[in-house]
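Colleague: Would you be able to build a 3D model of this:
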Amino acid sequence: MWRKSIKIASIKYIVFLVTVFFLSIGFGASAQFYQPEKGLVPDTTTAIKIAEAVWLPIYGKEIYSELPFKAVLSGDSAWYVYGYLPPSHISIDKNGDTTFYIVHGGVAEILIRKSDGKIFGVMHGK
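Modeller: Numbering: from 1, shown residues only. As a prediction, the model looks like this:
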């Protein structure tokens, strides 16, 4: 009797799984994700926010020393977002003392697909 109840329970379980499988195929075929006409990353503001979200865990809050960030659309398909590196310059104070500021380093960079937000690559120059 015990074996009989296990066999019946396992058959019911198999029937249940098969039913769920076929229902999921039917619903999955008709489901479509929303795709905006201008893409999921339609503008510079969105591209920069995505870049910040990716850069923060990698580079930390030091990334904000590279403000303002700039986003440029490349061929209507991908956003190239990068940080700002101030130029080297010379400063002369009120006493006539000259100071040379030589800036070394690079900036954070990222390439984001406009249509779906896929990240193609992340790097930081040296």
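Colleague: Just to be sure, residue 104 is in a helix?
Modeller: No - according to DSSP: H, G, I helix; E, B strand; the rest coil, residue 104 belongs to no helix; its state is coil.
Colleague: What's the separation between residue 61 and residue 82?
Modeller: Residue 61 is 18 Å from residue 82, where distance means Cβ to Cβ, to the nearest Å. Every residue, glycine included, has its C-beta placed from N, CA and C.
Colleague: More neighbours: the two, which one.
Modeller: residue 82 (20 against 8; other Cβ atoms under 10 Å).
Colleague: Is the more buried one bridged to anything, and to what?
Modeller: residue 70, residue 109 (DSSP bridges).
Colleague: Could you verify my assumption that it touches residue 69?
Modeller: Yes - the criterion here is Cβ atoms under 8 Å, and residue 82 meets it with residue 69 at 7.0 Å.
Colleague: State the number of residues packed around residue 91.
Modeller: Counted with other Cβ under 10 Å, the neighbours of residue 91 add up to 9.
Colleague: residues touching it, list them.
Modeller: Going by Cβ atoms under 8 Å, 6 or more residues apart in numbering, residue 91 touches 98-99, 101.
Colleague: want to try TSV for the residues you listed, with distance to residue 41 as columns?
Modeller: Formatted as TSV, the contacts of residue 91 follow (distance: Cβ to Cβ, whole Å):
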residue	distance to residue 41
98	45
99	42
101	35
